[in-house]
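**Q** after the sequence you'll find the predicted model.
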Amino acid sequence: MEILKGEDYSRETFEGISLSALDARDVTFSDCVFRKCRFDKANFSGASFNDCVFENCELSSPDFYRTTLYGVKFDGGKVVGANFSKSNSKFLDIAFKQCLISTCDFSSLKLKRTPFLQCRIQDVTFYATDLTEVDFSGSDLAGSRFRQCDFNKADLSRAKNYEIDITENKVKGAEFSLPEVVSLLSALGINIR
């Protein structure tokens, strides 16, 4: 089998492959596992990933334009420079666990109940993103930007290094913990000693 050459794949396991500038436009992957793979500037435009798992993989600057990511789990590994806001938002169901997520964009997406568990979420953009009931447990959100987001009932109780302006984001029912919750007061111009 030639590796990822314009076919559709079902119940396949791809392990240890490293591909640069992969062209996988309009390819469908169903129930596939990608383990310890590296994709540098892969073109997944129009592709569909259904019930797939990326275990300890590295995706660097993937093109997710019109990509369906439904039932996709990222477990370990890195996702760098991905613009998830260009993906097929009608069929977006993703989960992250113990990942480095860096310089990605999740703007204008409905990520309700999405888990971001024990992740390093660095310099990521969330603009007008529905983060209702999202679980950021154990995640480090250093440098990430949140504007006009809905955090209603989100769990940030064990998250750290977040900067959320409560005057421009909805936080009703969200869970926070000390000492990080004090950072929410910075937008109010309050001096804390």
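**A** That came in fine, so what should we check first?
**Q** nearest residue to Asp130 other than its sequence neighbours?
**A** Lys110 (4.3 Å; C-beta to C-beta, 6 or more residues apart in numbering). (Glycine included, C-beta is placed from N, CA and C.)
**Q** same deal with Ala159?
**A** Per C-beta to C-beta, 6+ apart, closest to Ala159 is Phe136, 4.2 Å.
**Q** how far away is that neighbour from Leu156?
**A** Phe136 is 5 Å from Leu156, where distance means C-beta to C-beta, to the nearest Å.
**Q** for the two, list the residues in contact with both.
**A** Residues touching both Phe136 and Leu156 (C-beta atoms under 8 Å, 6 or more residues apart in numbering): Tyr162.
**Q** so which of those two has more stuff around it?
**A** Legend: neighbour count by other C-beta atoms under 10 Å for Phe136 and Leu156, higher for Phe136 (28 against 24).
**Q** surely that one and Lys160 touch.
**A** No: judged on C-beta atoms under 8 Å, Phe136 makes no contact with Lys160 at a distance of 9.4 Å.
**Q** can you give the distance of the longest strand belonging to the chain from its chain's centre?
**A** In the chain, taking DSSP state E as the definition, the longest strand is strand 68-80. Here strand 68-80 shows a centroid-to-chain-centroid distance of 7 Å under the convention C-alpha atoms, centre = their mean, to the nearest Å.
**Q** what comes into contact with whichever helix or strand comes after that strand?
**A** In the C-terminal direction, the helix or strand that comes right after strand 68-80 (DSSP states H and E) is strand 92-97. Strand 92-97 is contacted from outside by 68-76, 79, 84, 109-111, 114-119, using C-beta under 8 Å, 6+ apart.
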